[in-house]
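Student: give me coordinates for this.
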Amino acid sequence: MTYFDHCASTPPYEQVVRTVGELMTLHYANSGALHRAGGEALKLVERARASVASAFGAKPEEVLFTSGGTESNNLAIKGTLEASRKPEKHWITTSIEHASVFNTAKQMERLGVQVSVIQPDASGHVSAADVEAAIRPETVLVSVMHVNNETGAIQPIEEIGRLLSAYPQIRFHVDGVQAIGKVPLTWTTAGVDLYSASSHKFRGPKGAGFLLMKDSIQLEPLLAGGGQEDGLRSGTHNVPGIVATAQALRLTMESMERRVLRMRQLRSLLIEYIREMPELILNSGEDDALFAPHILNVSYPGMRPEVIVHMLEERGILISTQSACSSKSLKPSRVLAAMGLDEARASGSIRISFGDEHTEEHIKLLAEALRATIAKLKPLERGSR
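Tutor: The predicted structure is shown next:
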């Protein structure tokens, strides 16, 4: 099988797999315990914290370990809103966010929070000017993802961060899950207050992640318990997951420059092949400055995307539809619909995402499989184009 679903999850580094196994065998003690084994486990956690901080130029105390992207996003959003003392609270986000943000917006609205949802342009990018125009006196938080998980559109995070510097009462949260290792972030100058990450998106273990949080930020914890992570995230430390996350992040960041260059070349090659298939329409743009190097979204109007996915799987190719959290839905892509694409395109999209293992030969095999699949499916197209 050739795996082109790295946005959903990535194959862990071999070193990371070994690290998890060794730590589960040798360092199973609770990091909160008073005995020596507990102290050794806690030291491993704090070394991992320092390592993660170093990768971003952050302080160790600005790293909060979580179970992954969904928890990090929920903690950043709900923790900020609940910590605010304003009687009325307003939150600005976008219509193209991951489900863990988009559905949190619905939940917060039910609880009385006022939510403004910014729409993207036809390329899938939101405007910093639109964000500023939505600001009110009661605005507490702005949440904008770094890289869209369906189209790969890179959002203007630094520009939004600069404009929000004029509004010190507003916190800026960024979902960085799809950006790490592919799109850089300068933590100290980006103007971001909270940055979410998930380990299994950069070849670490599932069930682990972190939230970067400026040390001036106050959050209300989601979980009450033993007070781990300075009282912000109670629960026994997942020592193997935390240490493996730091290891995977270090390996990922060390190879980032080479990875980005290679992925851009592979993405350009795949775009060339797709342009030779008139049945397919690109939903992701080609500008390297505006789109992440590892994601390409394509539509086959008139065809159910899950049919394409299963037919490619029969040929040994694994891709996805929409995001992994939404791939079982038969509804049109919420992200593509927000971009103004018609129902045929929004309902017929597939997502291809690259990894470290891919070569030009893999792209050629994918293109050949797509051509063969289209040839089989063309007589079954729904309606006219």
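
Student: every contact and neighbour count from this point should use C-alpha atoms.
Tutor: Will do.

Student: where in this protein is pLDDT low?
Tutor: Applying pLDDT under 70 to the chain picks out residues 323-330, 382-385.

Student: spatially central residue in the chain, please.
Tutor: residue 177 (2.7 Å; CA atoms, centre = their mean).

Student: separation between the residue lying closest to residue 304 once chain neighbours are set aside and residue 275?
Tutor: Closest residue in space to residue 304, ignoring its immediate chain neighbours: residue 348 at 5.4 Å, by CA to CA, 6 or more residues apart in numbering. From residue 348 across to residue 275, the span is 17 Å (CA to CA, to the nearest Å).

Student: what of residue 126?
Tutor: 26 Å.

Student: neighbour-wise, which of those two wins?
Tutor: Legend: neighbour count by other CA atoms under 10 Å for residue 126 and residue 275, higher for residue 126 (25 against 12).

Student: just to revisit the earlier point, was I right to think the residue nearest to the centre of the chain contacts residue 69?
Tutor: Yes. With contact defined as CA atoms under 8 Å, residue 177 reaches residue 69; the gap is 6.4 Å.

Student: tell me where the stretch 51-200 of the chain has strands.
Tutor: 63-66, 90-94, 114-118, 139-143, 171-175, 194-198 (DSSP state E, counting those that start in this stretch).

Student: quick one, what contacts the nearest residue to residue 341 once chain neighbours are set aside?
Tutor: Excluding its sequence neighbours, the residue lying closest to residue 341 (CA to CA, 6+ apart) is residue 122, at 7.8 Å. By CA atoms under 8 Å, 6 or more residues apart in numbering, the residues touching residue 122 are 339-341.

Student: using the three-state scheme, assign residue 224.
Tutor: With DSSP: H, G, I helix; E, B strand; the rest coil as the basis, residue 224 sits in coil.

Student: number of nearby residues for it?
Tutor: By other CA under 10 Å, neighbour count at residue 224 equals 12.

Student: care to break the chain down by domain?
Tutor: The chain breaks down into these structural domains: 2-9+255-377, 15-254 (assignment by automatic domain parsing).

Student: and the longest one, how far apart are its ends?
Tutor: One end of domain 15-254 to the other measures 15 Å (CA to CA).

Student: just to revisit the earlier point, phi, psi for the residue nearest to the centre of the chain please.
Tutor: The phi and psi values for residue 177, taken as degrees, to the nearest 10, are phi -60, psi -40.

Student: can you give me the end-to-end distance of stretch 339-346?
Tutor: Using CA to CA, the end-to-end distance of stretch 339-346 comes out at 9 Å.

Student: buried residues of it, list them for me.
Tutor: Applying a neighbour-count criterion of 16 or more other CA atoms under 10 Å, one finds 339-341, 344-346 buried in stretch 339-346.

Student: okay, the angle between the helix or strand where residue 244 lies and strand 194-198?
Tutor: Assigned by DSSP states H and E, residue 244 belongs to helix 239-254. Angle between the axes of helix 239-254 and strand 194-198 is 100 degrees (criterion: axes from the mean of the first three to the mean of the last three CA atoms, to 10 degrees).

Student: what's near enough to touch the spatially closest residue to residue 274 that is not a sequence neighbour?
Tutor: Leaving aside its sequence neighbours, residue 274 sits nearest to residue 280 (CA to CA, 6+ apart; 6.7 Å). Shown in contact with residue 280 (CA under 8 Å, 6+ apart): 274, 298-301.

Student: just those residues now: which is nearest residue 268?
Tutor: Minimum distance to residue 268 across the contacts of residue 280 is 9.9 Å, recorded for residue 274 (CA to CA).

Student: just want the angle from the helix or strand containing the closest one to helix 239-254.
Tutor: Per DSSP H and E, residue 274 falls inside helix 256-275. Orientation note: helix 256-275 sits at an angle of 80 degrees relative to helix 239-254 (the same axes, to 10 degrees).

Student: looking at the contacts of residue 280, which are in helices?
Tutor: residue 274 (DSSP state H).

Student: which one of the contacts of residue 280 is nearest residue 358?
Tutor: Nearest to residue 358 among the contacts of residue 280, with distances taken as CA to CA, is residue 274, at 17.4 Å.

Student: now do the contacts for the closest one.
Tutor: By CA under 8 Å, 6+ apart, the contact list for residue 274 reads 280-282, 367.

Student: count the residues that sit near the nearest residue to residue 347 once chain neighbours are set aside.
Tutor: Computed as CA to CA, 6+ apart, the closest residue to residue 347 that is not its neighbour in sequence is residue 332, at 4.1 Å. Look at residue 332: counted by other CA under 10 Å, it has 19 neighbours.

Student: is it true that residue 332 touches residue 343?
Tutor: Yes. Using CA under 8 Å, residue 332 is in contact with residue 343, at 6.6 Å.

Student: helices of the stretch 101-250 of the chain, start to end?
Tutor: Using DSSP state H, counting those that start in this stretch, the helices found in the stretch 101-250 of the chain span residues 128-133, 157-164, 239-254.

Student: can you tell me which of the ones you listed comes nearest to residue 201?
Tutor: Using CA to CA, the helices of the stretch 101-250 of the chain put helix 239-254 closest to residue 201, at 9.9 Å.

Student: how about the closest one: buried residues?
Tutor: 239-253.
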